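K.L.:
Mind looking at a prediction? Sequence and model below.
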Amino acid sequence: MTQKGGLFKGQKKTKTIPPNRHGKAIQTRKGKRNVKPSKVTKDMDVDREVTKFINNCNEMKAATRANNEGGQLRIVKGEPAGNKKDGQTEEA
């Protein structure tokens with residue numbers, strides 16, 4: 001069946017002219033933002049630490065596998081300054 005344009009004559013939506021954005025910043029939407037929970041429990045902290053450990057292990061495995069195959073993939077982000085091993089001194 002053909003689509004007839006004249007069936008719903010009074011219900012056309014008028015097109016609105018978009019606002020002029022020359023030289024203006026893009027308006028950010030107020031939607032899904034990363035908001036910290038008000039009550040941080042010990043379980044959440046443990047889960048976060050486990051996630052960090054698993055991600056670090058996965059990155060190390062991927063980097064070593066890529067280096068073994070002749071690639072140049074390396075981990076850019078090192079360990080935080082607070083995690084010094086025993087016997088190492090911080091040199092300034």
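P.N.:
It's in. Numbers count the residues shown, from 1 in each chain.
K.L.:
Check the secondary structure at residue 50 for me.
P.N.:
helix (DSSP: H, G, I helix; E, B strand; the rest coil).
K.L.:
what's around it, how many residues?
P.N.:
Neighbourhood size, residue 50 [other Cβ atoms under 10 Å]: 10. (C-beta placed from N, C-alpha, C; glycine too.)
K.L.:
Spit out the contact partners of it.
P.N.:
By Cβ atoms under 8 Å, 6 or more residues apart in numbering, no residues touch residue 50.
K.L.:
Now do it against residue 41, distance only.
P.N.:
14 Å (Cβ to Cβ, to the nearest Å).
K.L.:
now swap in residue 56 and tell me
P.N.:
23 Å.
K.L.:
Look at the two and report which has more neighbours.
P.N.:
A side-by-side neighbour count of residue 56 and residue 41, using other Cβ under 10 Å, places residue 56 first with 13 against 9.
K.L.:
Residue 29: neighbour count?
P.N.:
7.
K.L.:
Find the helix or strand that it is a member of.
P.N.:
Using DSSP states H and E, residue 29 maps to neither a helix nor a strand.
K.L.:
Now do the buried residues in stretch 27-37.
P.N.:
Residues of stretch 27-37 classed as buried: none (neighbour count, 16 or more other Cβ atoms under 10 Å).
K.L.:
From start to finish, how long is that stretch in a straight line?
P.N.:
26 Å (Cα to Cα, to the nearest Å).
K.L.:
can you give me the mean pLDDT across that stretch?
P.N.:
Averaged across stretch 27-37, pLDDT comes to 75.
K.L.:
Can you tell me what sits against it?
P.N.:
residue 44.
K.L.:
Output stretch 41-54 as PDB - backbone C-alpha positions only.
P.N.:
Only the C-alpha atoms of stretch 41-54 are listed here, as PDB (Å, rounded to 0.1, in the frame of the first residue of the first chain):
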ATOM      1  CA  THR A  41      31.900  -0.200  52.500                       C
ATOM      2  CA  LYS A  42      34.800  -2.500  53.100                       C
ATOM      3  CA  ASP A  43      33.400  -4.900  50.500                       C
ATOM      4  CA  MET A  44      33.500  -2.200  47.900                       C
ATOM      5  CA  ASP A  45      37.100  -1.400  48.700                       C
ATOM      6  CA  VAL A  46      38.100  -5.100  48.500                       C
ATOM      7  CA  ASP A  47      36.300  -5.400  45.200                       C
ATOM      8  CA  ARG A  48      38.100  -2.400  43.800                       C
ATOM      9  CA  GLU A  49      41.500  -3.700  44.900                       C
ATOM     10  CA  VAL A  50      40.700  -7.100  43.300                       C
ATOM     11  CA  THR A  51      39.700  -5.400  40.100                       C
ATOM     12  CA  LYS A  52      42.900  -3.300  40.000                       C
ATOM     13  CA  PHE A  53      45.000  -6.500  40.600                       C
ATOM     14  CA  ILE A  54      43.200  -8.400  37.800                       C
END
